[in-house]
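> Make a model of this:
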Amino acid sequence: MITSATNPKLKRIASLLKKSAHRKAEGVFVIEGFKMFMEVLAQCPERFEEILFTEAAKNKMVSTFGEPVIEGLKYELVEEKLFEKIAETVTPQGVLAIVKTPAYNLSDILKDNTAKLLVLDNLRDPGNLGTIVRTAEAAGMSGILLSEGCVDITNPKVVRSTMGAILRVPFVGCERLSDELLRLKENYYGFTVYATALNGSVVFTENKYYGRCAIVIGNESNGVSPEVLAAADKKIRIPMAGKVESLNAAVAAAVVMYEVNRY
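The predicted model follows:
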């Protein structure tokens with residue numbers, strides 16, 4: 001059992017939880033809680049690098065799911081108070097693991113002639129991104145393209161908000177989003193880019209989203225950047241009643257994604 005705060009494994013986890021650069025350099029992220037643990041165990045147990053339980057959490061897991069659930073797993077027990085110190089959640093469940101980050105290729109995502117891609121331009125809020133990833137799976141999107149300015153998708157708050165969807169929804173980051181969109185339009189016949197915008201736009205339901213298309217959702221405060229807007233084929237907006245000027249980015253993305261996937 002790990003009983004010292006100076007244990008190298010605890011130090012590594014603390015570093016990975018706090019620093020995006022470390023997660024990217026190692027190609028891993030941290031999951032916490034029973035639900036995320038069971039998601040990885042069921043879908044991709046080979047992605048586990050380190051597994052830590054408190055004694056109480058291990059016993060609860062065995063009593064709930066049976067002894068076979070942890071058979072063959074390499075894990076270590078951590079003293080309860082130590083676990084509470086390294087955990088990100090307010091009420092830790094005593095389950096934590098380091099998981100290898102999935103690696104995706106954009107060309108693989110877009111093989112389908114009807115591929116629907118969600119594009120995020122400088123989205124900064126972890127809760128928004130996590131909710132969008134989860135909704136993208138529910139709405140049937142082919143994958144997500146993230147600009148360099150987006151919050152790290154392996155941020156612990158993002159990971160928790162995805163509720164496991166991060167393991168199933170393909171995602172790819174890019175350095176210059178406007179250039180990537182232009183390449184998509186050039187390299188994939190019939191690929192159309194729709195950007196959400198207030199000015200010079202049409203109501204999103206006026207379009208027919210047949211074939212390959214990408215929907216761009218912008219920054220929570222500033223919307224889609226000018227250079228990305230310039231790379232779009234069409235500008236769309238969600239109509240607003242009352243005095244509301246805009247919707248939360250995750251809500252706006254959900255509304256448009258469900259409309260896009262009717263085609």
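
> What distance separates the opening and closing residues of stretch 111-130?
25 Å (CA to CA, to the nearest Å).

> Repeat that for stretch 113-122.
End-to-end distance of stretch 113-122 (CA to CA): 27 Å.

> Distance from the chain centre to that stretch, please.
Averaging C-alpha positions (CA atoms, centre = their mean, to the nearest Å) puts stretch 113-122 13 Å from its chain's average.

> ditto for stretch 206-224
Distance, centroid of stretch 206-224 to centroid of chain: 18 Å (CA atoms, centre = their mean).

> What is the end-to-end distance of it?
End-to-end distance for stretch 206-224: 20 Å, by CA to CA.

> what comes up buried for the helix-or-strand element of the chain with minimal mean pLDDT?
The helix or strand of the chain with the lowest confidence, counting by mean pLDDT, DSSP states H and E, is helix 106-109 at a mean of 84. Buried residues in helix 106-109, counted by 16 or more other CB atoms under 10 Å: 106, 109. Where C-beta positions appear, they are placed from N, C-alpha and C, glycine not excepted.

> Name the residues that touch the next helix-or-strand element following it?
For helix 106-109, the following helix or strand on the C-terminal side (DSSP states H and E) is strand 116-120. The contact list for strand 116-120 (CB atoms under 8 Å, 6 or more residues apart in numbering) reads 109-110, 129, 132, 136, 140-147, 150, 177, 181, 184, 193, 209, 212-217, 253, 257, 260-261.

> who does strand 116-120 pair up with?
strand 143-146 (parallel), strand 213-217 (parallel) (DSSP bridges).

> Give me the contacts around the last one.
It refers to strand 213-217. Residues from elsewhere that reach strand 213-217 (CB under 8 Å, 6+ apart): 115-121, 123, 132, 145, 181, 184, 191-196, 224, 228, 232, 249, 252-253, 256-257, 260.

> Show me those residues that map onto strands.
Counting by DSSP state E, those place 116-120, 145, 192-196 in strands.

> Can you tell me which of those lies closest to Leu82?
Distance ranking of the ones in strands among the contacts of strand 213-217 against Leu82, using CB to CB, places Leu120 first at 36.3 Å.

> ok, how many other residues are close to the closest one?
The local packing of Leu120 (other CB atoms under 10 Å) involves 29 other residues.

> swap in Asn199?
Neighbour count for Asn199, taken as other CB under 10 Å: 8.

> From the contacts of strand 116-120, keep the buried residues only.
Buried members of the contacts of strand 116-120, counted by 16+ other CB under 10 Å: 109-110, 129, 132, 136, 141-147, 150, 177, 181, 184, 193, 209, 212-217, 253, 257, 260-261.

> Now for this protein: which helix has the highest residue count?
helix 126-139 (DSSP state H).

> What angle do strand 116-120 and that helix make with each other?
Helix 126-139 runs at 180 degrees relative to strand 116-120, counting by axes from the mean of the first three to the mean of the last three CA atoms, to 10 degrees.

> Tell me the buried residues in helix 126-139?
126-137, 139.
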